[in-house]
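In: Using only what follows, build the 3D model:
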Amino acid sequence: MNSAEPVIADPYSLNLEDIDPAIPDLFEHQAHWDYFRRLRSEDPVHFVPGGDFGPYWAVTKYNDIVFVDSHHGLFSSEPAIGIGVATIDFEPPMFIAMDPPKHDAERKAVVSAVAPQRLSEMEALIRSRVIEVLDDLPLGEPFNWVYKVSIELTTRMLATLFDFPFEQRSKLTYWSDVAVSGPNVGGDLSEEERQKILMEDCLPFFNKLWHERADKPGGTDFISLLAHDPATRDMEPLEFLGNLMLLIVGGNDTTRNSMSASVLALHENPAEFAKLKAEPGLIPSMVSEVIRWQTPLAHMRRVATEDVELGGKTIKKGDRVVMWYVSGNRDDEVIERPDEFLVDRPNPRQHISFGFGIHRCMGNRLAEMQLRVLWEEVLARFERIEVVGKPVRVHSNFVMGYTELPVILHPL
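Out: The predicted structure follows:
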């Protein structure tokens with residue numbers, strides 16, 4: 001959805017106490033940067049008392065975010081990791097929204113699907129699919145990169161991770177979009193529609209796959225691992241659905257939107273693209289820089305388990321705390337020239353897009369590998385990818401995503 005251009009207040013015209021950086025319009029129309037810049041400078045641990053998302057504490061600086069994310073005893077992930085709105089009450093339990101020891105046991109059940117040895121085995125398959133998709137693209141005429149490349153490649157990867165029927169893989173993308181849809185956070189679905197689709201369409205389909213895999217030990221896909229691990233094999237249906245949503249969204253949205261962001265960033269920074277073409281060995285560095293520059297998931301939420309002092313403020317037990325990764329990744333006290341896109345940035349993996357601590361994204365290396373392979377093959381085929389229209393962004397304060405990125409390919 002791309003709404004008409006809204007009237008967005010200059011954050012410096014507002015009283016500090018009236019600033020709420022969670023308004024989705026800010027992100028869709030790229031107006032959030034100044035809001036976070038002011039908060040980092042004047043009130044880095046900022047209380048938002050009301051609005052659609054309050055009350056909550058907005059934590060906007062890198063080191064404060066790392067503190068919250070790495071002190072899971074002080075800041076609980078339960079019952080949900082999104083800022084949410086009052087009208088959303090369908091939040092199936094998932095291990096990213098759990099605390100130890102249950103979080104640790106359920107995460108451990110599936111992590112082998114993206115372990116280094118498994119990634120090494122999958123690289124040839126990923127490359128073959130990238131080659132197939134890129135070689136099928138039109139040359140010299142505009143098309144939507146999001147649809148033809150980013151969504152297609154990540155959907156194929158999801159199908160592999162779940163050992164999902166390949167010819168029905170588009171269901172995975174659809175359910176991923178539904179899972180992160182809701183009032184004020186992206187998508188047009190009502191909460192009732194979202195719940196109905198996930199409970200009556202997604203869950204029954206996966207239940208069937210679960211029962212098939214439960215009778216066949218030894219599988220390395222997510223469903224087989226969940227079905228056979230003692231920590232997860234007796235999950236209630238809602239918990240199974242919650243973990244499915246987590247794994248689908250985690251494997252889809254972040255990589256999909258980084259693939260699109262990489263094209264946009266290199267188009268907008270031709271000197272950096274020239275560096276990359278001159279030295280393809282910079283691709284891994286560029287990939288990490290894209291993930292920082294885009295920050296595919298803008299925030300995560302926690303709840304204080306006791307009174308905590310942070311940034312000179314007292315966060316009370318039970319208060320909601322929102323870590324704005326999208327802001328921390330632009331903190332100039334930690335990251336030099338943070339608003340610039342630099343393919344040869346020193347320490348390019350010094351970002352918090354994957355989170356920090358026990359909840360750090362378990363698929364981060366897979367995401368990086370998919371992006372690396374994509375750009376290795378892009379540079380082998382195309383002189384440049386020209387963006388020929390304004391990107392259309394998702395109306396969301398959670399997923400920093402795109403629905404349209406019109407491009408034209410210029411072959412070598």
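
In: can you count the residues close to residue 211?
Out: By the criterion of other C-beta atoms under 10 Å, residue 211 has 11 neighbours. Heads up, the C-betas are built off the backbone N, CA and C, glycines and all.

In: cool, and residue 43?
Out: Burial of residue 43, expressed as a neighbour count using other C-beta under 10 Å, amounts to 17.

In: Might one say that it is in contact with residue 16?
Out: Yes. When contacts are counted by C-beta atoms under 8 Å, residue 43 is listed as touching residue 16 (5.7 Å).

In: Do you know the pLDDT at residue 193?
Out: Looking at residue 193, its pLDDT reads 88.

In: Tell me how far it lies from residue 97.
Out: Distance check for residue 193 against residue 97: by C-beta to C-beta, to the nearest Å, it reads 22 Å.

In: Comparing the two, which residue is more hemmed in?
Out: Taking neighbours as other C-beta under 10 Å, residue 193 and residue 97 compare with residue 97 leading, 21 against 14.

In: which residues touch residue 333?
Out: Residues touching residue 333, when contacts are defined by C-beta atoms under 8 Å, 6 or more residues apart in numbering, comprise 61, 62, 63.

In: gap between the helix or strand containing residue 160 and the chain center?
Out: When secondary structure is defined by DSSP states H and E, residue 160 falls within helix 152-162. The chain centroid and the centroid of helix 152-162 are separated by 16 Å under C-alpha atoms, centre = their mean, to the nearest Å.

In: Next: stretch 333-343.
Out: Between the mean C-alpha location of stretch 333-343 and the chain-wide mean there is a distance of 20 Å, by C-alpha atoms, centre = their mean.

In: That one: which residues count as buried?
Out: Of the residues in stretch 333-343, those buried by neighbour count under the rule 16 or more other C-beta atoms under 10 Å are 334, 335, 338, 341, 342, 343.

In: buried stuff in stretch 293-308?
Out: Across stretch 293-308, burial judged by 16+ other C-beta under 10 Å covers 293-305, 308.

In: biggest separation within the residues you listed, which pair?
Out: Across the buried residues of stretch 293-308, the two members that end up farthest from each other (C-beta to C-beta) are 293 and 305, 33.3 Å apart.

In: ok so, going back, in strands, which of the buried residues of stretch 293-308 appear?
Out: Among the buried residues of stretch 293-308, the members falling in strands are 299, 300, 301, 302, 303, 304, 308 (criterion: DSSP state E).

In: And those, which is closest to residue 403?
Out: The shortest approach to residue 403 among these belongs to residue 299, at 20.2 Å (C-beta to C-beta).

In: quick one: the closest one and residue 322, what's the gap?
Out: 5 Å.

In: any common contacting residues for those two?
Out: Common neighbours of residue 299 and residue 322 (criterion: C-beta under 8 Å, 6+ apart): 22, 83.

In: Show the contacting residues for residue 98.
Out: Residues touching residue 98, when contacts are defined by C-beta under 8 Å, 6+ apart, comprise 77, 78, 106.

In: Local confidence estimate at the last one?
Out: For residue 106, the model assigns a pLDDT of 93.

In: That one: what's it in contact with?
Out: Residues touching residue 106, when contacts are defined by C-beta under 8 Å, 6+ apart, comprise 95, 98, 231, 232, 243.

In: correct me, but the fourth one touches residue 224?
Out: Same thing as residue 232. No. Under the contact definition of C-beta under 8 Å, residue 232 does not touch residue 224, with a separation of 10.9 Å.

In: which residues in the protein form strands?
Out: Secondary structure of the chain by DSSP E: the strands cover 45-48, 56-59, 75-76, 143-144, 299-304, 308-310, 313-315, 320-324, 382-387, 392-393, 402-404, 406-411.

In: Show me what the third one is packed up against.
Out: Right, strand 75-76. Helices and strands touching strand 75-76, as assessed by 3 or more C-beta pairs under 8 Å, 6 or more residues apart in numbering; DSSP states H and E, comprise strand 299-304.

In: Report the strands that pair with the strand it packs on, each with its relative direction.
Out: According to DSSP bridges, strand 299-304 forms sheet pairs with strand 75-76 (antiparallel), strand 320-324 (antiparallel).

In: chain center to that strand, what's the gap?
Out: Here strand 299-304 shows a centroid-to-chain-centroid distance of 16 Å under the convention C-alpha atoms, centre = their mean.

In: Residue 53 contacts residue 84, correct?
Out: Yes. Applying C-beta under 8 Å, one finds residue 53 in contact with residue 84, separated by 7.3 Å.

In: Between those two, tell me which one has more neighbours.
Out: A direct count of neighbours by other C-beta under 10 Å for residue 53 and residue 84 places residue 53 higher, at 24 against 21.

In: Name the nearest residue to that one, ignoring sequence neighbours.
Out: The shortest distance from residue 53 to any residue other than its chain neighbours is 4.3 Å, reached at residue 22 (C-beta to C-beta, 6 or more residues apart in numbering).

In: likewise residue 129?
Out: Excluding the flanking residues, the one nearest residue 129 by C-beta to C-beta, 6+ apart is residue 156, at 5.2 Å.

In: and the one you found, what does it touch?
Out: Going by C-beta under 8 Å, 6+ apart, residue 156 touches 129, 166, 169.

In: Any chance of a ChimeraX selection covering the buried ones in those residues?
Out: Burial among these is assessed by 16+ other C-beta under 10 Å; the matching ChimeraX selection reads:
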select :129,169
